[in-house]
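Q: A predicted structure for the sequence below; I have some questions about it.
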Amino acid sequence: MKHIHMDPQSDGFYGAYWQGKTKSDCALIAMLGDDPEDYMARSAVKWILRKGVNVLTMSPAKKDYGHHNYPLERIEAAIAWLEAHGNRRIGIVGASTTGTLALTAASYFPHLTLTIALTPSDFIWQGFMQGNRDGCREWPVEGESLFSYRGKPLPYMPFCYAHPQYWQLIERESKRSGDMLNSRKLFDDSEAAYPITEAQTIPVERIQGALYLIGAEDDVLWDTAKYIRRMEKRLSERAHTCRVEVALYPHGTHYVFPEGMLRMMLPLGADLFVKMAFQAAKKYPRECRETRCDIERRITEAIVQWRQI
């Protein structure tokens, strides 16, 4: 697929821009994949382009798979670039940590008028790196947040486990539960040790347009259902202008991707992969598939309604 590549030095952000065959003046910033041009990102692009909107894929940096002090200015620069290239309406979608990034960015930048957050948290936590350090695939970064703005880390919940105990706990919990990755105890213990403050909480009431919060009760990476319910409660208690749709499912795991998008990512063996990754998908395969199909419907309708405004 033809696209335009961007990097922080020349464009102010790391990403790739993809235009559909049908002319559109709407664009969705998609943070789905470790790199804006990797297989996962390209699969998401194919799915989104079929909804009739342009796509800008983004990620932190080349071969940087962690999330630590990611400058929100890069989202700000991406919005300006999209507007300068004929997009009158801009949205954002993210999953997992980038679901939290999508919410944070939308709370800062009102030009984002569609926000889709899959398995997000309602707060910002300590930044982390990924790679290989002392036999650990991931470790927290001392003194750094997930995100920064204007040169300052945003307030964050610190982890109560330092390196290497951080990864050792995740490994131990994953082995105990039989999941590919289980970090729920890491987040639960850290929140118990360091209760979330208002400064660390994402002010979702500042988000404009349409807001979609999507997750599953059986998520073992963190308690996204609890986080989404807290956001729902916060919005019920505070004035806001965004239209909110919450979708919480009993079964769905951390991979609450639209079914069609997942099958583009894994055309042969999508169900098998999810079953191998998470015990809940092995126990409830039909329910997890039904969840993804319903998410496919919801997000498709959300994009279609948004671009027709």
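A: Perfect, thanks for sending it.
Q: how about the helices in the stretch 1-150 of the chain?
A: In chain order, the stretch 1-150 of the chain shows helices spanning 8-11, 39-49, 73-84, 97-108, with DSSP state H, counting those that start in this stretch as the criterion.
Q: in CSV, list the ones you listed along with mean pLDDT.
A: Below are the helices of the stretch 1-150 of the chain laid out as CSV (pLDDT from 0 to 100):
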stretch, mean pLDDT
helix 8-11, 91
helix 39-49, 95
helix 73-84, 97
helix 97-108, 98
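Q: need the winner for burial among those.
A: Most buried of the helices of the stretch 1-150 of the chain, by mean neighbour count (mean count of other CB atoms under 10 Å): helix 97-108, with a mean of 26. Yep, even glycine has a C-beta here, placed from its N, CA and C like the rest.
Q: the helices of the stretch 1-150 of the chain: which one's closest to Gln308?
A: In terms of CB to CB, the element of the helices of the stretch 1-150 of the chain nearest to Gln308 is helix 39-49, at 15.8 Å.
Q: and for the residue nearest to Asp271 when sequence neighbours are not counted, the neighbour number?
A: Nearest residue to Asp271, sequence neighbours excluded (CB to CB, 6 or more residues apart in numbering): Pro285, at 6.2 Å. Per other CB atoms under 10 Å, the neighbour tally for Pro285 reads 15.
Q: pretty sure Pro285 contacts Phe273?
A: No - applying CB atoms under 8 Å, one finds Pro285 not in contact with Phe273, separated by 11.7 Å.
Q: keeping just the C-alphas, turn the helix ranked longest in the chain into CSV.
A: Secondary structure assigned by DSSP state H gives helix 285-307 as the longest helix of the chain. The C-alpha coordinates for helix 285-307 follow below in CSV (Å, rounded to 0.1, in the frame of the first residue of the first chain):
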residue,chain,number,x,y,z
PRO,A,285,-14.0,-19.3,22.6
ARG,A,286,-17.5,-18.7,21.4
GLU,A,287,-18.1,-15.8,23.9
CYS,A,288,-14.8,-14.2,23.0
ARG,A,289,-15.6,-14.4,19.3
GLU,A,290,-19.1,-12.9,19.9
THR,A,291,-17.5,-10.1,21.8
ARG,A,292,-15.1,-9.3,18.9
CYS,A,293,-18.0,-9.4,16.4
ASP,A,294,-20.0,-7.0,18.5
ILE,A,295,-17.0,-4.7,18.7
GLU,A,296,-16.7,-4.9,15.0
ARG,A,297,-20.3,-3.7,14.7
ARG,A,298,-19.9,-0.9,17.3
ILE,A,299,-16.7,0.6,15.9
THR,A,300,-17.8,0.3,12.3
GLU,A,301,-21.0,2.2,13.2
ALA,A,302,-19.0,4.7,15.2
ILE,A,303,-16.7,5.6,12.3
VAL,A,304,-19.5,5.7,9.7
GLN,A,305,-21.6,8.1,11.9
TRP,A,306,-18.6,10.3,12.7
ARG,A,307,-17.5,10.8,9.1
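Q: buried set for it?
A: 287-289, 291-292, 294-296, 298-299, 302-303, 306-307 (16 or more other CB atoms under 10 Å).
Q: one more: stretch 150-170?
A: Within stretch 150-170, the residues that count as buried by 16+ other CB under 10 Å are 153-154, 156-161, 163, 165-167, 169-170.
Q: starting at the chain centroid, how far to it?
A: Its chain's C-alpha centre lies 18 Å from the corresponding centre of stretch 150-170 when counted by CA atoms, centre = their mean, to the nearest Å.
Q: start the count at 45, not 1, going forward
A: Yes, from this point I'll number from 45; that puts the last item at stretch 194-214.
Q: contacting residues around that stretch?
A: The set of residues that contact stretch 194-214 without belonging to it, under CB atoms under 8 Å, 6 or more residues apart in numbering, is 113, 116-117, 148, 167-171, 177-184, 186-192, 225-227, 229-230, 233-238, 240-241, 243-244.
Q: go with 6 Å
A: Contacts of stretch 194-214 from elsewhere in the structure, counted by CB atoms under 6 Å, 6 or more residues apart in numbering, are 113, 167-170, 178, 180, 182-184, 188-189, 191, 227, 230, 233-234, 237-238, 240, 243-244.
Q: quick one, what contacts Ile123?
A: For Ile123, the contacting residues are Ile134, Phe153, His155, by CB under 6 Å, 6+ apart.
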